[in-house]
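In: model the following, please.
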Amino acid sequence: MLYPIQYLRAVAALMVVFHHSLIQLPWTARYYQSSIGAHGVDLFFVISGFVMVLTTHGRDITRVEFMRRRIVRVVPLYWALTLFTVLCVLVAPSLFRTTSIEPWHVVQSLLFYPHRSPSFPDQMWPVMVPGWTLIYEMFFYGCFALTLGRFWWLAVGFVGLFLFGLVVEPTNDQLAFFTRYLILEFVAGAILARIWFAKGAPLPAWAKWKSPLWLALGDASYSIYLTHLFSLGVLRVVWAKVAPETGLSAVCFFLAALVVSSFVGWVTYRLLEVPLLARLNARKAKGALVASPVR
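Out: Residues are numbered from 1 along each chain as shown. Next comes the predicted model:
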């Protein structure tokens, strides 16, 4: 395990939480505005590119097995929380101020298909708004699997896609979505990993520092990322009823957002994400045992 990567995952998730906490209460903008939290997504994409090279470098893994692992890692929790979001919107719409549910919207969200949101027509957002980044992730995984062992094909292809979008400025929503500069961040992370391996994968002394708290947050970063809007929605309703509209109250809200979102994400990780992964991986292992010859 590379501890710094886990810590960066935690930092990226908390940056996104902070970014979204700024827009929960309209009056907090009078005291604080910043776009730094939005770059947590950029950090996530670079980490993803790095980790995909890290987990496949020098290993004999097929394209099918690679995609199976990525699907098991990403899809079950996302599907579960997407359907939970649909249920929450139907039962408690006040927690989701501008979210509306349409059947086609739910289906395309579950299939990681980029499409315009009925709630935000100018955005290509799924039911769970943070899920738009997972569409890029799944696209990257698919392209990475196709070019497994031929990394520079992937790099040239992504750079070509970006340049095409830059020159042509496609009007097709899906083509425009997949030609944004964001796809280059995956390539950047993958290049960093290849450089790291080329230098012998050195680990400086500071990279061995172990923090149980930051490791826990790093482990739970995916759950924190997917659940934080639930946490912020509840916190917003409570804060609007009991807290004054002051600068100190705004700062306290941002801090509470980080703490509550981290806790809810960690609980989700322990009670939902880990059991889901364990069950699915155990099923795969059992299937492989049954299929293997008796020795």
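
In: tell me which residues of stretch 198-209 are tucked away?
Out: Buried residues in stretch 198-209, counted by 16 or more other Cβ atoms under 10 Å: none are found. C-beta: built from backbone N, CA, C; applies to glycine.

In: other residues contacting stretch 68-83?
Out: 106, 109-110, 126-128, 131, 134, 137-138, 141, 145, 222-223, 226-227, 268, 272-273, 276-277, 280-281, 284 (Cβ atoms under 8 Å, 6 or more residues apart in numbering).

In: meant to ask about stretch 195-205, not that
Out: With Cβ under 8 Å, 6+ apart, stretch 195-205 has contacts from 2, 53, 57.

In: again with stretch 117-136
Out: 16, 41, 44-45, 74, 78, 81-82, 85-86, 98-102, 105-106, 108-109, 112-116, 173, 177-178, 182-183, 186, 225-226, 228-229.

In: I figured residue 229 hits residue 20, correct?
Out: Yes. Counting by Cβ atoms under 8 Å, residue 20 is a contact partner of residue 229 at 6.6 Å.

In: residue contacts, the closest residue to residue 186 other than its chain neighbours?
Out: Leaving aside its sequence neighbours, residue 186 sits nearest to residue 49 (Cβ to Cβ, 6 or more residues apart in numbering; 3.9 Å). For residue 49, the contacting residues are 140, 185-193, by Cβ under 8 Å, 6+ apart.

In: which element is residue 239 on?
Out: helix 221-242 (DSSP states H and E).

In: could you dump that helix to PDB, C-alpha only?
Out: This file holds the C-alpha atoms of helix 221-242, laid out as PDB (Å, rounded to 0.1, in the frame of the first residue of the first chain):
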ATOM      1  CA  SER A 221     -13.000   8.100   0.200                       C
ATOM      2  CA  TYR A 222     -15.300   6.500  -2.400                       C
ATOM      3  CA  SER A 223     -18.100   6.200   0.100                       C
ATOM      4  CA  ILE A 224     -17.500   9.700   1.400                       C
ATOM      5  CA  TYR A 225     -17.600  11.000  -2.200                       C
ATOM      6  CA  LEU A 226     -20.900   9.200  -3.000                       C
ATOM      7  CA  THR A 227     -22.700   9.900   0.200                       C
ATOM      8  CA  HIS A 228     -21.700  13.500   1.100                       C
ATOM      9  CA  LEU A 229     -24.700  15.100  -0.600                       C
ATOM     10  CA  PHE A 230     -27.000  13.100   1.600                       C
ATOM     11  CA  SER A 231     -25.000  14.300   4.700                       C
ATOM     12  CA  LEU A 232     -25.000  17.900   3.400                       C
ATOM     13  CA  GLY A 233     -28.700  17.800   2.700                       C
ATOM     14  CA  VAL A 234     -29.600  16.800   6.200                       C
ATOM     15  CA  LEU A 235     -27.100  19.200   7.700                       C
ATOM     16  CA  ARG A 236     -28.400  22.100   5.600                       C
ATOM     17  CA  VAL A 237     -32.000  21.500   6.900                       C
ATOM     18  CA  VAL A 238     -30.900  21.400  10.500                       C
ATOM     19  CA  TRP A 239     -28.500  24.400  10.200                       C
ATOM     20  CA  ALA A 240     -31.100  26.600   8.500                       C
ATOM     21  CA  LYS A 241     -33.500  26.000  11.500                       C
ATOM     22  CA  VAL A 242     -31.100  26.500  14.400                       C
END
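
In: ok, which stretches of the stretch 51-200 of the chain are helices?
Out: Counting by DSSP state H, counting those that start in this stretch, the stretch 51-200 of the chain has these helices, from start to end: 63-91, 103-110, 132-146, 151-168, 173-177, 182-198.

In: report how many residues lie close to residue 54.
Out: By other Cβ atoms under 10 Å, the residues close to residue 54 number 19.

In: how near is it to residue 129?
Out: Using Cβ to Cβ, to the nearest Å, residue 54 is found at 29 Å from residue 129.

In: rewinding a little: PyMOL command to pick out the buried ones of the contacts of stretch 195-205?
Out: With 16+ other Cβ under 10 Å as the criterion, this PyMOL line picks the buried residues out of those:
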select buried, resi 53
